[in-house]
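# model the structure of this input:
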Amino acid sequence: ALLDHIANAKNFIIVLSPHSLDRCHGDHYIQDWVHKEVHKAVVSKRNIIPVLDEQFEWPDSDKLPESIRSVTQFNGVAWSHMYQDAAIDKIVQFMEVDAPVTPIQAALPATLELLRQQQPVDESAKSGSASTLTSSSSSLYRRSSSTGDRPVRATLASVKLLST
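Here you go, the predicted model:
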């Protein structure tokens with residue numbers, strides 16, 4: 001179901017914390033969930049928007065599987081809690097590409113504003129994995145390798161903490 005949401009979404013936002021792509025190294029059979037999600041976004045030609053934690057560093061592209069290497073070439077948004085409004089504005093700007101807009105996509109900026117107003121994610125979230133946000137027919141969904149699909153319940157102000 002999640003991969004279908006990715007295939008049908010206009011945008012694919014991947015939140016990258018330190019070492020979040022490490023599990024993709026040597027994953028030749030696309031078994032890791034981060035690899036599966038990025039691969040689906042690439043082959044579906046989604047608008048991929050990496051959101052980079054302040055400590056995230058891109059791995060050498062030759063260490064990533066061929067199917068997702070191109071993600072290292074996409075423009076990303078450097079996340080900063082100090083400049084979170086500017087980072088969110090940049091994410092929205094990257095989401096506004098020239099393509100047909102569905103009603104849910106038109107509502108997405110308002111959804112992002114609502115997310116800004118919610119309570120932040122628990123500060124005890126650990127780094128080392130990636131989470132993705134995709135737009136679906138009725139809401140944004142968060143996916144991490146350990147928690148499965150669930151509606152996003154975090155502010156974009158705490159987007160770096162979405163990696164659990």
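
# give me the secondary structure label for Ile49.
strand (DSSP: H, G, I helix; E, B strand; the rest coil).

# show me what counts as buried in the helix or strand hosting Ala87.
Assigned by DSSP states H and E, Ala87 belongs to helix 84-95. Residues Gln84, Ala87, Ile88, Lys90, Ile91, Val92, Phe94, Met95 are the ones in helix 84-95 that count as buried (16 or more other Cβ atoms under 10 Å). (Glycine included, C-beta is placed from N, CA and C.)

# and the closest residue to Ser67 other than its chain neighbours, what does it touch?
Nearest residue to Ser67 in three dimensions, chain neighbours excluded: His39, at 4.9 Å (Cβ to Cβ, 6 or more residues apart in numbering). His39 makes contact with Ile30, Pro65, Ser67, Ile68, according to Cβ atoms under 8 Å, 6 or more residues apart in numbering.

# try 6 Å
Ile30, Ser67, Ile68 (Cβ atoms under 6 Å, 6 or more residues apart in numbering).

# ok, so of these, who is nearest Cys24?
The closest of the contacts of His39 to Cys24 turns out to be Ile68 (Cβ to Cβ; 6.5 Å).
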